[in-house]
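Undergrad: Sequence first, predicted coordinates after that:
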Amino acid sequence: MDKPVVAECSALHHDYGSTPALAGIDLTLHGGRVTALLGPNGAGKTTLIHLLLGILSVQRGKISLFGDLEPGRTEAQRRIGVMLQASGVQDNLTVSELLALFASFYPEPDSQIGLLDELDLVDLADRRFDRLSGGQKQRALFALAVVGRPDWLILDEPTTGLDPAARRILWRAIEARRRAGVSILLCTHFMDEAQKLADHVVVLDRGRVLDQGSPDAIRRRVPSDRILARTALPKEKLRTLPAVQAVHAGEDRVEILSRRGIDTVRALLAADDTVDDLEVAGADLETAFLALTDSAQPEQEAA
Ligand SMILES: Nc1ncnc2c1ncn2[C@@H]1O[C@H](COP(=O)(O)OP(=O)(O)OP(=O)(O)O)[C@@H](O)[C@H]1O
């Protein structure tokens with residue numbers, strides 16, 4: 001049975017002056033799972049998160065949290081833990097002072113010692129926040145986001161800038177919250193992160209939901225093969241070959257993303273007997289995702 005819905009957005013629009021950021025989002029975020037929010041720069045991810053948190057006011061459309069609460073309401077805020085790109089914490093306090101301060105906002109906070117240990121912050125507990133490295137700050141911010149034992153955790157690019165070891169620490173911490181039944185919205189640019197952690201992926205592009213589903217379902221809807229070749233055929237012609245989803249011109253080879261590489265390669269070789277430097281590989285989720293956003297672009301010709 002599906003867990004309760006944590007957020008429901010309908011016909012959500014947001015403009016910054018004359019710049020549209022969200023252009024009609026209909027989205028249901030279910031509880032008890034990790035939803036990854038993916039999208040290129042400027043897709044509207046941060047705007048959506050700020051609206052969910054009540055940092056921005058809803059201009060058009062509707063958001064309901066936990067059934068019937070408006071964003072920004074204290075009853076909603078109390079249940080949400082958040083880690084944003086701009087931290088806004090009082091950075092002359094030490095890590096343990098900040099943890100104690102944040103813990104004091106909640107009725108049943110998590111163990112501060114346990115969190116310091118889990119996030120490898122024990123040796124940094126007495127260091128001022130503004131004297132931490134970027135990666136250390138990220139781990140401290142995660143601890144602050146979860147110390148109130150939230151029902152819903154919103155993480156905006158939590159592992160950006162982290163080294164692999166710190167990234168693993170955060171991944172483990174996210175997985176532990178998921179196992180404990182916490183609902184998580186994870187905004188990330190890293191496809192491996194979405195694939196590893198997410199139960200559900202939402203692809204946002206230019207203010208719209210372009211696609212959503214399990215990481216595997218998204219993968220099935222997008223190209224599985226990536227063909228690199230030197231060819232005399234122009235891009236327009238390559239686009240018409242069987243199963244082709246996207247074509248990009250590279251330095252000296254073109255990249256063709258295809259749903260059935262073998263059919264595309266056969267047709268390519270039949271259409272151009274000068275084909276050279278041919279290489280066929282599987283498309284990873286990142287490539288696939290770029291093709292998804294690409295295929296939704298209005299027709300525009302670069303080179
Ligand atoms: N304060 C602002 N004033 C004007 N335009 C803005 C403002 N904030 C965002 N935008 C614009 O709104 C659109 C969506 O931006 P948003 O930051 O929500 O995207 P994003 O998906 O979070 O991008 P990124 O991955 O780069 O963080 C972009 O075109 C952006 O330039």
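TA: The structure has been received and is ready for your questions. Numbers count the residues shown, from 1 in each chain.
Undergrad: Okay, now the unreliable bits of this protein?
TA: Low-confidence segments of the chain (pLDDT under 70): 1-3, 219-222, 283-303.
Undergrad: what sits against the residue of it most remote from its centre?
TA: Farthest-out residue of the chain from its mean C-alpha position, per CA atoms, centre = their mean: residue 273, at 42.0 Å. By CB atoms under 8 Å, 6 or more residues apart in numbering, the contact list for residue 273 is empty. All C-beta spots, glycine's among them, are computed from the backbone N, C-alpha and C.
Undergrad: so where does it fall, helix or strand?
TA: Using DSSP states H and E, residue 273 sits in no helix or strand.
Undergrad: Mind listing what's buried along stretch 239-250?
TA: 241, 243, 244, 245, 246, 247, 248 (16 or more other CB atoms under 10 Å).
Undergrad: I'd guessed residue 279 sits against residue 225; true?
TA: No: in this structure, residue 279 is not within contact of residue 225 by CB atoms under 8 Å, at 10.7 Å.
Undergrad: measure residue 244 to the ligand for me?
TA: 28 Å (CB to the nearest ligand atom, to the nearest Å).
Undergrad: can you tell me how far that residue sits from residue 227?
TA: Distance, residue 244 to residue 227, by CB to CB, to the nearest Å: 9 Å.
Undergrad: Now the common contact residues for these two.
TA: Shared contacts of residue 244 and residue 227, counting by CB under 8 Å, 6+ apart, come down to 256, 257, 258, 264.
Undergrad: Among those, which one lies nearest to the ligand?
TA: residue 257 (21.9 Å; CB to the nearest ligand atom).
Undergrad: right, and that closest one touches residue 225 too?
TA: Yes: at 7.3 Å, residue 257 counts as touching residue 225 under the criterion of CB under 8 Å.
Undergrad: Give me the more crowded residue out of these two.
TA: More neighbours surround residue 257 than the other of residue 257 and residue 225, with 26 against 21 (other CB atoms under 10 Å).
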